[in-house]
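In: task: produce atomic coordinates for the following.
(one chain, ligands or ions: 1)
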Amino acid sequence: MTAGAPAAAEAGVQALTDAHSQLAEAVAFHGYDEGTHATLAASRRELTVSIPLRRDDGSVEVLTGYRVQHNISRGPAKGGLRYSPGVGLDEVRALAMWMTWKCALLDVPYGGAKGGVAIDPRLHSRAELERVTRRYTTEILPIIGPQHDIPAPDIGTDENVMAWIMDTYSVSKGHTVPGVVTGKPLSLGGSLGRSSATSRGVVHVALAALDSLGIEHRAATAAVQGFGKVGRDAARFLQQAGVAVVAVADQYGAVHASGGLDIEALARHVDETGSVVGFGNAEPIEGDELLELAVDLLVPAAVEGVINAQNASRIAARVVVEGANGPTTREADRVLADSGVLVVPDILANAGGVIVSYFEWVQSNQSFRWGLDEVESRLAERMLGGWHDVTRFATQHDLTLRAAATALAVQRVTEAHRQRGLYP
Ligand code: GLU
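Out: Numbering: from 1, shown residues only. Predicted coordinates:
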């Protein structure tokens, strides 16, 4: 086990407990029976695999990988693949369940899945990562495919990993199958707009949330935790919309500038040095401090459980938009609701990624590329449609946005399940 793995395992247990308790609340809201509840709570399939890795020095190390398909009532299983040292089955189960609700909520015709490999990609060469990816793909081959389960990037994986999965799968089938993954490089049938889609979606709902509270974009301040696949472009797009992004954190530290950071300059600094730390024209702050800044908008765009029982009462933002999956624990959720913080939940806020993954899959299956304008306008339409569905339902039933989003999603999955019937 890698250092930090026990803490990560605990976080995984927390994530799964929280996911189950969100589901239980939705089931109680709808008054569904115990059998329906149990069906929705269980993963449809779970696969744990050993991945022997030949290191560059010739030694062999055995890693563990997972693929969980939570539900496939509405279509093929869909969800990212995470490379992270402490990833375990409980975390992957929770993330797979959230994918089911996310796809249902945004009416993307998929079920939910997630994969993980317990590895720190920063400690491995590109050649080692390729071998791990190809072996993992070979092990999960029986349960993936364009009509079965379609992986995509998540923490620690990128378009190169998707290209290796696609190639390994295609070689095993004897023909090229671009629809087996999304988040591919453009040259292999990736979609325009996919790499920034999650961030675009985060910003669409963040601006809608600010509007709903009567906060002018140009007078608003924001703090962004995470400067990777989601946080970096979210900070850029917020700044382009006139919001002052006053603080940004990555895993190494955080920087703050009360007049707003120059995000393009910060991005260049990160490209050169690998971290936000040491960025000029800004003061260094602690990563945890960022979460407690008195800003209009807080975007946690890193990992699970960062807003928790320890710091929830000190969150001073007016709106929290969850770029990450599961950044707010259940206990913290209650504290934030009681103190009037508007939380836009992950299954809505970060759905832009899987929405454009769906567009990519449609394009791959039809061997036809859409223009960027088409991708972006369809993404905006779906994100804002989701925002309206959730806010309307929340107002009608006096629910938090998370409870409303989960209830709506659970209803759609249950409807699909009931219409198909229980077999045999
Ligand atoms: N990993 C992303 C998520 O958590 C994207 C999943 C996908 O595109 O399938 O939503």
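
In: average model confidence for stretch 224-237?
Out: Average pLDDT, stretch 224-237: 98.

In: meant to ask about stretch 271-285
Out: 96.

In: from the opening residue of that stretch to its closing one, how far?
Out: End-to-end distance for stretch 271-285: 20 Å, by C-alpha to C-alpha, to the nearest Å.

In: how about the stretch 1-150 of the chain: which residue is closest to the ligand?
Out: Relative to the ligand, the nearest point of the stretch 1-150 of the chain is Gly80 (2.7 Å; C-beta to the nearest ligand atom). Bear in mind the C-beta positions are built from the backbone N, C-alpha and C, glycine included.

In: ends of stretch 222-237, how far apart?
Out: 12 Å.

In: distance from the chain centre to it, please.
Out: Centroid separation between stretch 222-237 and its chain, computed with C-alpha atoms, centre = their mean, to the nearest Å, is 13 Å.

In: show me where the protein has its strands.
Out: Assigned by DSSP state E, the chain shows strands spanning 45-54, 60-71, 77-83, 112-117, 149-153, 221-225, 244-250, 253-256, 283-285, 297-300, 319-321, 342-344.

In: now Gly353: how far from Ala409?
Out: 16 Å (C-beta to C-beta, to the nearest Å).

In: repeat that for Leu47.
Out: From Leu47 across to Ala409, the span is 24 Å (C-beta to C-beta).

In: leaving out sequence neighbours, find the closest residue to the closest residue to the ligand within the stretch 251-400 of the chain.
Out: With C-beta to the nearest ligand atom, the shortest gap between the stretch 251-400 of the chain and the ligand falls at Ser357, namely 3.2 Å. Spatial nearest neighbour of Ser357, chain neighbours left out: Thr182 (3.7 Å); criterion: C-beta to C-beta, 6 or more residues apart in numbering.

In: test my guess that the one you found contacts Gly193.
Out: No: counting by C-beta atoms under 8 Å, Thr182 stays clear of Gly193, with 12.0 Å between them.

In: so between those two, which is more surrounded?
Out: Thr182 (30 against 21; other C-beta atoms under 10 Å).

In: quick one on the thing from earlier: overlap in contacts of Thr182 and Gly193?
Out: Val356 (C-beta atoms under 8 Å, 6 or more residues apart in numbering).

In: still on that earlier bit, who has more neighbours out of Leu47 and Ala409?
Out: It is Ala409, of Leu47 and Ala409, that has more neighbours when counted by other C-beta under 10 Å, with 27 against 17.

In: circling back to that earlier point, let's have the strands of the chain in JSON lines, adding distance to Asp233.
Out: JSON lines is the format used below for those (distance: least, C-beta to C-beta, whole Å):
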{"stretch": "strand 45-54", "distance to Asp233": "31"}
{"stretch": "strand 60-71", "distance to Asp233": "27"}
{"stretch": "strand 77-83", "distance to Asp233": "17"}
{"stretch": "strand 112-117", "distance to Asp233": "22"}
{"stretch": "strand 149-153", "distance to Asp233": "14"}
{"stretch": "strand 221-225", "distance to Asp233": "10"}
{"stretch": "strand 244-250", "distance to Asp233": "12"}
{"stretch": "strand 253-256", "distance to Asp233": "18"}
{"stretch": "strand 283-285", "distance to Asp233": "22"}
{"stretch": "strand 297-300", "distance to Asp233": "11"}
{"stretch": "strand 319-321", "distance to Asp233": "14"}
{"stretch": "strand 342-344", "distance to Asp233": "17"}
